[in-house]
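Participant: next come a sequence and a model predicted from it.
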Amino acid sequence: MTLRTASLLLALLSSTAHACGPYEDDWAGRDKAAHFGVSAALGVATSQISSDPWTAFALALAPGVAKEVYDSQRACNRFSWKDLSWDAAGALVGVKTGHWLLSPGGVAYRRSF
């Protein structure tokens, strides 16, 4: 193999490795607030479906897991543990808030009845 052929092969291999550009996934990236907010809303909703906090949390987190699995199958995308962490935080806050505010033993019922 000549030097020219080796250089061409190396250039070709390195260009395909970065065809989609560098992958950046900051903890405070621009999509993290959306992950948190949607999961928090789902957490409030699922807290009314199930009185068990763990079941409500799992139901609220399921769409985030499904989205990350879907992302991992797409070209130029990856499964993001950081996105999933924000989903989990939002789901936890949503479930706790939903149970605190809207459950029969919650603050809203105690104040109105």
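Facilitator: The structure has been received and is ready for your questions. Quick caveat: nothing in here was measured; it's all calculated off a predicted structure. Residues are numbered from 1 along each chain as shown.
Participant: in the protein, which spans are helices?
Facilitator: Listed in chain order, the helices of the chain (DSSP state H) span 3-17, 32-49, 53-73, 81-102, 107-112.
Participant: low-confidence ranges in the chain?
Facilitator: 1-22, 108-113 (pLDDT under 70).
Participant: please repeat the previous calculation with a cut-off of 80.
Facilitator: Within the chain, the stretches with pLDDT under 80 are 1-24, 104-113.
Participant: so residue 100 touches residue 107, yeah?
Facilitator: Yes. Assessed by C-beta atoms under 8 Å, residue 100 is found in contact with residue 107 at 6.1 Å. Every residue, glycine included, has its C-beta placed from N, CA and C.
Participant: ok, residue 50 - contacts?
Facilitator: Taking C-beta atoms under 8 Å, 6 or more residues apart in numbering, we find residue 50 in contact with 56, 59.
Participant: roughly how far does it sit from residue 87?
Facilitator: 18 Å (C-beta to C-beta, to the nearest Å).
Participant: same check, this time on residue 101
Facilitator: Distance, residue 101 to residue 87, by C-beta to C-beta: 21 Å.
Participant: which one's more surrounded, these two?
Facilitator: Set residue 101 next to residue 87 and count neighbours by other C-beta atoms under 10 Å: residue 87 wins out with 28 against 13.
Participant: residues in contact with the closest residue to the more buried one other than its chain neighbours?
Facilitator: Spatial nearest neighbour of residue 87, excluding adjacent residues (C-beta to C-beta, 6 or more residues apart in numbering): residue 64 at 3.1 Å. Neighbouring residues of residue 64 by C-beta under 8 Å, 6+ apart: 35, 38, 39, 83, 84, 87, 88, 91.
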